[in-house]
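[1] Below are the sequence and a predicted model; questions follow.
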Amino acid sequence: MDDKKMPEGKSEAEHRREIGYKSEIREISLENFFQAVLAMRAQGWRLAQICAVCVEGGYEMSYSFCNDKNYWMLTLRLDVKEDQEIASITHIYPCAFIQENEAAELFGVKIKHIEPDYHNTLYRIDEAAPFKKKE
């Protein structure tokens, strides 16, 4: 039996405990963020998702990584001020370009050096950064 499939008669929580699943959210500073992303890549973690959320004075960026060998998930949580620029991680994880373009276009997060950068043409929308908090 493939151990990734949930056995019949077991709940998802039971199966996660059996296989040793672990999930952690780690707050991280911008100064330590890119070194941590490089370390995740070097250790074989894959990028699972990037999530942007508007918070008071800026954004909360969550970068979630999965380690398929031991079923662990680690989310690096980064607080970004509204006027602060952050660098793209597409040179480390090329698959990040869609989610970074989305965060920039829909929320207004200032992400520099996205490759490829869609320059606010990923979606057909009527207003700039529609999910950004309005004053």
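    Happy to help now that I have it.

[2] Can you list the neighbours in contact with the longest helix along the chain?
    In the chain, assigned by DSSP state H, the helix with the most residues is helix 30-42. The contact list for helix 30-42, computed with Cβ atoms under 8 Å, 6 or more residues apart in numbering, reads 28, 63, 65, 74, 76, 78, 80, 84, 86-87, 89, 92-93. Bear in mind the C-beta positions are built from the backbone N, C-alpha and C, glycine included.

[3] shouldn't K69 be in contact with G44?
    Yes - counting by Cβ atoms under 8 Å, a contact exists between K69 and G44, whose distance comes to 7.1 Å.

[4] what pLDDT, on average, does stretch 70-88 get?
    For stretch 70-88, mean pLDDT is 94.

[5] Could you report the neighbour count for the nearest residue to V55 once chain neighbours are set aside?
    Spatial nearest neighbour of V55, chain neighbours left out: D79 (7.4 Å); criterion: Cβ to Cβ, 6 or more residues apart in numbering. Per other Cβ atoms under 10 Å, the neighbour tally for D79 reads 15.

[6] so what's D79 up against?
    Listed by Cβ under 8 Å, 6+ apart, the contact set of D79 reads E27, V55, G58, Y59, E60, M61.

[7] For the closest residue to the fifth one other than its chain neighbours, give me phi and psi.
    Read that as E60. Excluding the flanking residues, the one nearest E60 by Cβ to Cβ, 6+ apart is V53, at 4.6 Å. Torsion angles at V53 (phi, psi; degrees, to the nearest 10) stand at phi -140, psi 130.
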